[in-house]
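Engineer: the sequence isn't on hand, but the structure is:
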């Protein structure tokens, strides 16, 4: 009984991982390649699979580690460039605060503050009574939860 259940749950976990994570990653990557390079979706999927197989077989875990490191550098550099250009375009931190506070949607609900920026929008630790998030509770609780969720879903 015990070995069969363990084997069944292992098989089920691998099967679900393939259908949920890997297929979504393959589809999103192939969709990007299809749009960017004007390739067929099926050719893009096969290309991604071949590249992944060649990298893994040729270099093993070392190749995966180097690829992940390179991707991290590329993504962080891109994020820093986009953030820098955005801050320059909007007028720096003060421009961001001014324009955010002036951002009101075209349609609002009468007699409510829904859609209007709060006066304490840029305050990280808000008042525990009047704040819309629980202040210190959210900063001490959400970080471990987000970290745990990220670790558990990998």
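Structural biologist: Received, thanks. For clarity, every value in this text was computed on a predicted model and none was experimentally measured.
Engineer: I'd like the average pLDDT over stretch 105-125.
Structural biologist: Per-region confidence: stretch 105-125 scores 81 on mean pLDDT.
Engineer: what sits closest to residue 93 if chain neighbours are left out?
Structural biologist: Distances taken as CB to CB, 6 or more residues apart in numbering put residue 87 closest to residue 93, at 7.1 Å, once the chain neighbours are dropped. Heads up, the C-betas are built off the backbone N, CA and C, glycines and all.
Engineer: does the nearest residue to residue 104 once chain neighbours are set aside sit in a helix, a strand or a coil?
Structural biologist: Excluding its sequence neighbours, the residue lying closest to residue 104 (CB to CB, 6+ apart) is residue 116, at 6.0 Å. Under the three-state scheme (DSSP: H, G, I helix; E, B strand; the rest coil), residue 116 adopts coil.
Engineer: pretty sure residue 116 contacts residue 103?
Structural biologist: No. Between residue 116 and residue 103 there is no contact under CB atoms under 8 Å: 9.2 Å.
Engineer: quick check: the residue nearest to residue 93 touching residue 97?
Structural biologist: No. The criterion here is CB under 8 Å, and residue 87 misses it with residue 97 at 11.6 Å.
Engineer: what's the burial count for residue 24?
Structural biologist: 10 (other CB atoms under 10 Å).
Engineer: so which bits of stretch 110-130 are buried?
Structural biologist: residue 126 (16 or more other CB atoms under 10 Å).
Engineer: where does this structure dip in pLDDT?
Structural biologist: Scanning the chain with the threshold set as pLDDT under 70 gives 133-154.
Engineer: 50 instead?
Structural biologist: 150-154 (pLDDT under 50).
Engineer: longest helix in it, by residue count?
Structural biologist: helix 41-90 (DSSP state H).
Engineer: and the next helix or strand past it?
Structural biologist: Toward the C-terminal end, the helix or strand that comes next after helix 41-90 (DSSP states H and E) is helix 92-102.
Engineer: can you give the distance of the longest helix of the chain from its chain's centre?
Structural biologist: Distance of helix 41-90 from the chain centroid (CA atoms, centre = their mean, to the nearest Å) equals 14 Å.
Engineer: repeat that for stretch 111-130.
Structural biologist: Put simply, stretch 111-130 sits 25 Å off its chain's centre (CA atoms, centre = their mean).
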